[in-house]
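Colleague: based on what follows, work out the 3D shape:
(one chain, ligands or ions: 2)
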Amino acid sequence: MRSGLRIVFVMDPVDTVIVDEDTTFALMLEAQNRGHRADFCTYRNVGLKDGRPFASVRRATLQRDPDAPVVLADPETVDLAEVDAVFIRKDPPFDADYLWLTLILERLRGATLVLNDPRGLRDANEKLYACHFPALMPPTLVSADATAIKAFMEEVGGKAVIKPVDGHGGAGIFALVEGDKNVNAAIETVTAEGRRVAMVQAYLPEVALGDKRILLMAGAPLGAILRVPRGDDLRSNIHVGGTVEATALDAADQRIIEAVAPRLGADGLHFVGLDVIGGRLTEVNVTSPTGIQQMSRLGGSNCEARVIEWIETRESVNP
Ligand SMILES: Nc1ncnc2c1ncn2[C@@H]1O[C@H](COP(=O)(O)OP(=O)(O)O)[C@@H](O)[C@H]1O
Ligand SMILES: [Mg+2]
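Modeller: Ligands and ions are numbered 1, 2, ... in the order given. Got it, this is the predicted structure:
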């Protein structure tokens, strides 16, 4: 068990932190409570000097004070090969900036634990990763072609969901209902008029009961919460007004976890959020999964502690 660690969190600016909701804040606070040092930086503060990753970081002091949850010390430059762990917590989308961040942190391979593994992040797309497990998913088509999308919609009974493959927080997701005069426009919008692929899924009516978020640490479940959509929306995301309820893991969830865990481990995707609707896997969140505070509160156990504990016990770095 390693103590007194220095953990660098590469994240979004701290002015967006919501004290009782933010997962990154909770992880940093837990690190601090366990006697570790939590450093803050954004992707813009990370660079390479003669091939060595460095960052301009600011030591963070965390407190459950909505007015000043994260107090930052003056910037200092740190050689990232000298810290104990780098935790990538930048929110999606996975864009060019995100790609370059992973390519810079790639240089820490063999030197510093980086989670999630930069190569794993590059390889995974949060929507497409689920397609490694077609048997666990609802019927799904990935295509930019409107004719194919409409044929698929018919094939699955006339009701589907279309989502941008690089979307997050429910943004840009539409229900496609046969006969609805908005279908063509929705397909054009999400596929950028046929220039980019979209994910189209059979509509799962169980979504009305909620979208289950299961957080995994090293393939083991930390717990689960249910995000229930507002009556007037398809989307369950907290960001668009979904409410959070307690829930438990059922047999279907266990089957999904067992099936995905080995692959996640091989890809270095340690801290991951699975989205499960009606016992079907719909999304594998790997960039900056959220929900840990709600999970700890509703489940009555400290999920953050298990994440930091894992970093403490992890002796080896990314292979
Ligand atoms: N196949 C589906 N059937 C019904 N609702 C869905 C389906 N896929 C997604 N949704 C709804 O859209 C929301 C967001 O979908 P998701 O795939 O998790 O993308 P993201 O959370 O990245 O925006 C879900 O929480 C759910 O409410
Ligand atoms: Mg989701």
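
Colleague: helices of the protein, residue ranges please.
Modeller: Remark: helices assigned in the chain by DSSP state H are 23-33, 96-105, 118-123, 146-155, 183-190, 251-266, 292-299, 303-313.

Colleague: would you mind listing what in the stretch 51-200 of the chain touches ligand 1?
Modeller: With CB under 6 Å from any ligand atom as the criterion, the stretch 51-200 of the chain meets ligand 1 at residues 138, 161, 163, 167-170, 173. (Glycine included, C-beta is placed from N, CA and C.)

Colleague: quick check: chain neighbours aside, which residue is closest to the most far-flung residue of the chain relative to its centre?
Modeller: The C-alpha centroid of the chain is most remote from G179, which lies 34.4 Å away (CA atoms, centre = their mean). Spatial nearest neighbour of G179, excluding adjacent residues (CB to CB, 6 or more residues apart in numbering): G158 at 7.6 Å.

Colleague: check the gap between the one you found and A175 for me.
Modeller: 11 Å (CB to CB, to the nearest Å).

Colleague: neighbour count: the two, which is higher?
Modeller: Neighbours per residue, other CB atoms under 10 Å: of G158 and A175, the larger number sits with A175, 17 against 13.

Colleague: per-residue pLDDT, the more buried one?
Modeller: Note on A175: pLDDT of 97.

Colleague: need the contact list for the spatially closest residue to it that is not a sequence neighbour.
Modeller: Excluding its sequence neighbours, the residue lying closest to A175 (CB to CB, 6+ apart) is L234, at 5.0 Å. By CB atoms under 8 Å, 6 or more residues apart in numbering, the contact set of L234 is 161, 173, 175, 207.

Colleague: on that earlier part again, so of the helices of the chain, which one's packed in deepest?
Modeller: helix 23-33 (a mean of 23; mean count of other CB atoms under 10 Å).

Colleague: and the angle for that one with helix 303-313?
Modeller: Put simply, helix 23-33 runs at 60 degrees to helix 303-313, going by axes from the mean of the first three to the mean of the last three CA atoms, to 10 degrees.

Colleague: just the mean pLDDT for helix 23-33, thanks.
Modeller: 98.

Colleague: next: stretch 79-94.
Modeller: The model assigns stretch 79-94 a mean pLDDT of 97.

Colleague: excluding chain neighbours, what is closest to G291?
Modeller: R213 is the one closest to G291 (CB to CB, 6+ apart), at 4.6 Å.

Colleague: list the beta-bridge partners for that neighbour.
Modeller: Applying DSSP bridges to R213 gives these bridge partners: I225, D275.

Colleague: contacting residues for it?
Modeller: Going by CB under 8 Å, 6+ apart, the list of residues near R213 reads 224-227, 273-275, 289-291, 295.

Colleague: hang on, the earlier thing: among the residues of the stretch 51-200 of the chain next to ligand 1, which two are most distant?
Modeller: Greatest spatial distance in these: P138 and G169, 20.3 Å, computed using CB to CB.

Colleague: between these two, which one's more packed in?
Modeller: For P138 versus G169, the count of surrounding residues by other CB under 10 Å is larger for P138: 20 against 15.

Colleague: where's the more buried one relative to A202, distance?
Modeller: The separation that P138 has from A202, given CB to CB, amounts to 5 Å.

Colleague: which parts of the stretch 1-150 of the chain are strands?
Modeller: 6-10, 37-41, 46-49, 52-62, 70-79, 85-88, 113-115, 140-143 (DSSP state E, counting those that start in this stretch).
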